[in-house]
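3D model of this:
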Amino acid sequence: MVWFLLAGLLALLGWVRPAQAADPAQGPGGPILVLTSGQSNFGPYYAEILRTEGFNAFAVADVASVSPATLAAYDVVILAKTALSGSQVTVLSDWVNAGGNLIAMAPDAQLAPLLGLASAGGQLANGYLLVDAATSVGSGIVNQTLQFHGSAERYTLAGATALATLYSSASSATAHPAVTLRSVGAGKAAAFTYDLATSVVYTRQGNPAWAAQERDGLTPIRSDDKYYGAAAADPQSDWVDLAKVAIPQAD
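Residues are numbered from 1 along each chain as shown. Below you'll find the model as predicted:
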């Protein structure tokens, strides 16, 4: 459900849905560039998310290849969670100010000024978010809190507009954004304060920390153990909130 925000941002920036590419690890090229790195476990998964949503005019490259010349060929960059050098931050910032459109996932703290965010310190792990359904990007997304898995950085708005807000529980809002958008120069800069790809994978595949645990009391270890919270020796909340199962949160 939340990755519809990514689709909404791309639609807002005017990109249509050309023919699908055959290689799931790469796109046929086009105006969208997915930047990932060898340090990002789930960065390449953004190619699959784009393809699922029908945005197939994209290419995938390593962030180490970023330069003014390479970025000049693209109108939209989706930046996977990765550490950046100062020079990479400068190249991306200059490109956005000149008219580029950046969507940064769990962004490097150095990008905060560009994104219109200020660190509030700390993280929120395995929480919830509420999409602002009154915005053009959020229109059509369920007006209920949704789970995310992984960690979100706590930010305050410093020029950006919130498209979604972090919740510490299904009903307790925080003062911190989950998804933001800011106009910068001639371009736009959006941020997910958590890693969307990690959240989708963990929601679908369960808690990786429980992978080798017998949690439900019924041997052998099975896939459901990665979702079962009420283990006798380690009682926790279920990995997926059963009150939210009617919502396709992983989509």
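
List the buried residues in stretch 179-198.
179-182, 184, 187-198 (16 or more other Cβ atoms under 10 Å). For every residue, glycine as well, the C-beta is placed using N, CA and C.

So which of the residues you listed belong to helices?
Using DSSP state H, the subset of the buried residues of stretch 179-198 located in helices is 196, 197, 198.

Turn these into CSV, including pLDDT.
Output for those, formatted as CSV (pLDDT from 0 to 100):
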residue, pLDDT
196, 96
197, 95
198, 95
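
Run through the strands of the chain in chain order.
Along the chain, counting by DSSP state E, strands occupy 32-36, 58-62, 76-79, 101-105, 117-125, 128-131, 146-147, 151-157, 161-167, 173-184, 187-192, 230-231, 234-235.

Let's have these in JSON lines, adding mean pLDDT and distance to residue 92.
Listed next are the strands of the chain as JSON lines, based on pLDDT from 0 to 100; distance: least, Cβ to Cβ, whole Å:
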{"stretch": "strand 32-36", "mean pLDDT": "96", "distance to residue 92": "9"}
{"stretch": "strand 58-62", "mean pLDDT": "94", "distance to residue 92": "13"}
{"stretch": "strand 76-79", "mean pLDDT": "97", "distance to residue 92": "7"}
{"stretch": "strand 101-105", "mean pLDDT": "98", "distance to residue 92": "6"}
{"stretch": "strand 117-125", "mean pLDDT": "98", "distance to residue 92": "15"}
{"stretch": "strand 128-131", "mean pLDDT": "98", "distance to residue 92": "25"}
{"stretch": "strand 146-147", "mean pLDDT": "97", "distance to residue 92": "28"}
{"stretch": "strand 151-157", "mean pLDDT": "98", "distance to residue 92": "18"}
{"stretch": "strand 161-167", "mean pLDDT": "98", "distance to residue 92": "20"}
{"stretch": "strand 173-184", "mean pLDDT": "98", "distance to residue 92": "11"}
{"stretch": "strand 187-192", "mean pLDDT": "98", "distance to residue 92": "9"}
{"stretch": "strand 230-231", "mean pLDDT": "96", "distance to residue 92": "44"}
{"stretch": "strand 234-235", "mean pLDDT": "96", "distance to residue 92": "42"}
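
re earlier: out of the ones in helices among the buried residues of stretch 179-198, the closest to residue 10 would be?
The closest of those to residue 10 turns out to be residue 196 (Cβ to Cβ; 13.0 Å).

thought the closest one was touching residue 50?
No: in this structure, residue 196 is not within contact of residue 50 by Cβ atoms under 8 Å, at 11.5 Å.

separation between the residue nearest to the spatial centre of the chain and residue 70?
Nearest residue to the geometric centre of the chain (Cα atoms, centre = their mean): residue 196, 2.6 Å. Note on residue 196: its distance to residue 70, by Cβ to Cβ, to the nearest Å, is 24 Å.

how deep is residue 68 tucked in, by neighbour count?
Residue 68: 12 surrounding residues under other Cβ atoms under 10 Å.

and what of residue 138?
19.
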